[in-house]
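Undergrad: next come a sequence and a model predicted from it.
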Amino acid sequence: MKSPRFLLSGGGTGGHIFPAIAIADEIKRRLPNAEFLFIGSEDKMEMEKVPQAGYKIEGLWISGISRSSMLANLKFPFKVFSSIIKSRKIIKSFKPDAAIGTGGYASGPALYVAANTNIPTFIQEQNSFPGITNKKLANKTKGIFVAYDSMDTFFPKEKIHFTGNPVRKSLFNNKVSQEQAKKELKLDSSKLVILSIGGSLGSRTINNFWKNNSKIIADSDIQILWQTGKSDYSDIINNSELKHPNIQITEFIKNMSLAYAAADIIISRAGAIAISELTLAGKPTILIPFPYAAEDHQTKNALQLVNYKAAKMVKDSDVSSKLLEEIQNLISNANERELLGENILKMAKPNATEEIVSHILKELNFE
């Protein structure tokens, strides 16, 4: 019997790549003899991250429409045509039993070709407001896996499965106590900890806020675990004015499981995968949506939680004037912290990856 073959495509950002890898990992766990091939955008991070996860990947000459350069957009039709031609060659050679897309530029041509050659296709949409690629593909798919309510506004209702987003299992398996996590991170277990995360590149808005306000919080005997991201790290770590025993500055947090466990309050952007992780962490959270995300989807993601009283939100443009007050309110109000933590945990979907894979394998009669 031939090994089942799965084509996966998604990329451009970690929010598209890591769900695809999580789905592949779960299929591999259930079908150890399965074969996998990823399709990505040839100059994006998936070309590095996917091989690191142990999977083969082919790159397409594809990118999104530029909002800043009309000249760059002149190439767009040629990129699409080139990517469709290459996707046809890849699919003809690989002969997948199914194609799974998690959004991003490359998944458009790859899943378009797959669907039009009668290969069962599935898409996973992380955000509360879907990207153009997934909206275009929706009618040709066998199943659409979503993380938010009311997605039938965008997708055919009969195809939707409300599963949640796949997240890194390692973050929440074998969780340690908050006291132990603080100890391992060299934090004082008797003091509150604010975890500030801005993504791998970091958030300039959040970093600038802490440059101006971290001392105020630290002087009130609150600890700050501040992940700066790559862009601002050297400037911040060398700033002598930010040195304080209650401020711990890092470019990248290697052990997010410990960081989530140690936190009493979390400050974060509102990317879909970040939010899915935050619901599993179950801590009071203030979300600061990145205002330039496509279709302003981070604000829409954040409002889904705010409407359930599961998080606070401060607009990017209001950070300098309102964030300090929001943080101080949470510090002084233990009841509100507890309520926010309970409500965000209720929104968690810890078995998202397993549910997605079960639907796919059932549709394909592989289980």
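TA: That came through fine.
Undergrad: make it CA atoms for all contacts and neighbour counts henceforth
TA: Fine.
Undergrad: which residues of the stretch 101-250 of the chain fall in strands?
TA: Here the stretch 101-250 of the chain has its strands, by DSSP state E, counting those that start in this stretch, at 121-125, 143-146, 160-162, 193-197, 223-227, 247-250.
Undergrad: tell me which of those sits most buried.
TA: Of these, the one with the most neighbours on average (mean count of other C-alpha atoms under 10 Å) is strand 121-125, at a mean of 27.
Undergrad: how about the strands of the stretch 101-250 of the chain in CSV, adding distance to Asn33 and mean pLDDT?
TA: Shown next, in CSV, are the strands of the stretch 101-250 of the chain (distance: least, C-alpha to C-alpha, whole Å; pLDDT from 0 to 100):
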stretch, distance to Asn33, mean pLDDT
strand 121-125, 20, 96
strand 143-146, 24, 96
strand 160-162, 27, 96
strand 193-197, 38, 97
strand 223-227, 40, 97
strand 247-250, 41, 95
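Undergrad: redo those as JSON lines? Include distance to Met347.
TA: Output for the strands of the stretch 101-250 of the chain, formatted as JSON lines (distance: least, C-alpha to C-alpha, whole Å):
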{"stretch": "strand 121-125", "distance to Met347": "17"}
{"stretch": "strand 143-146", "distance to Met347": "13"}
{"stretch": "strand 160-162", "distance to Met347": "12"}
{"stretch": "strand 193-197", "distance to Met347": "20"}
{"stretch": "strand 223-227", "distance to Met347": "25"}
{"stretch": "strand 247-250", "distance to Met347": "29"}
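Undergrad: of all those strands, which one comes closest to Glu342?
TA: strand 193-197 (17.6 Å; C-alpha to C-alpha).
Undergrad: that closest one versus strand 223-227: what angle between them?
TA: 10 degrees (axes from the mean of the first three to the mean of the last three C-alpha atoms, to 10 degrees).
Undergrad: mind listing residues that contact strand 193-197?
TA: Outside strand 193-197, the residues that touch it by C-alpha atoms under 8 Å, 6 or more residues apart in numbering are 222-228, 259-260, 262-269.
Undergrad: likewise stretch 237-254?
TA: Residues outside stretch 237-254 that contact it (C-alpha under 8 Å, 6+ apart) are 200, 211, 214-215, 218-219, 221-230, 233, 236, 259.
Undergrad: what residue lies at the spatial centre of the chain?
TA: Nearest residue to the geometric centre of the chain (C-alpha atoms, centre = their mean): Ile273, 2.4 Å.
Undergrad: now that one: which helix or strand?
TA: Assigned by DSSP states H and E, Ile273 belongs to helix 272-281.
Undergrad: got the contact list for the residue nearest to the centre of the chain?
TA: Gly15, Gln126, Asn165, Pro166, Val167.
Undergrad: surely the last one meets Leu278?
TA: Pointing back at Val167 there. No: assessed by C-alpha atoms under 8 Å, Val167 is found out of contact with Leu278, at 10.3 Å.
Undergrad: poorly predicted segments of this protein, please.
TA: Within the chain, the segments meeting pLDDT under 70 span 1, 64-72, 200, 367.
Undergrad: in it, where's the longest strand?
TA: strand 35-41 (DSSP state E).
Undergrad: give the pairing partners of it; include direction for each.
TA: If you go by DSSP bridges, strand 35-41 pairs up with strand 5-9 (parallel), strand 57-60 (parallel).
Undergrad: please save the CA atoms from it in PDB.
TA: Output for strand 35-41, consisting of C-alpha atoms alone and laid out as PDB, is shown next (Å, rounded to 0.1, in the frame of the first residue of the first chain):
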ATOM      1  CA  GLU A  35       5.000  11.700   3.200                       C
ATOM      2  CA  PHE A  36       4.900  15.400   3.300                       C
ATOM      3  CA  LEU A  37       5.900  18.300   1.000                       C
ATOM      4  CA  PHE A  38       5.500  22.000   1.800                       C
ATOM      5  CA  ILE A  39       5.200  24.800  -0.700                       C
ATOM      6  CA  GLY A  40       6.300  28.300   0.400                       C
ATOM      7  CA  SER A  41       7.400  31.700  -0.800                       C
END
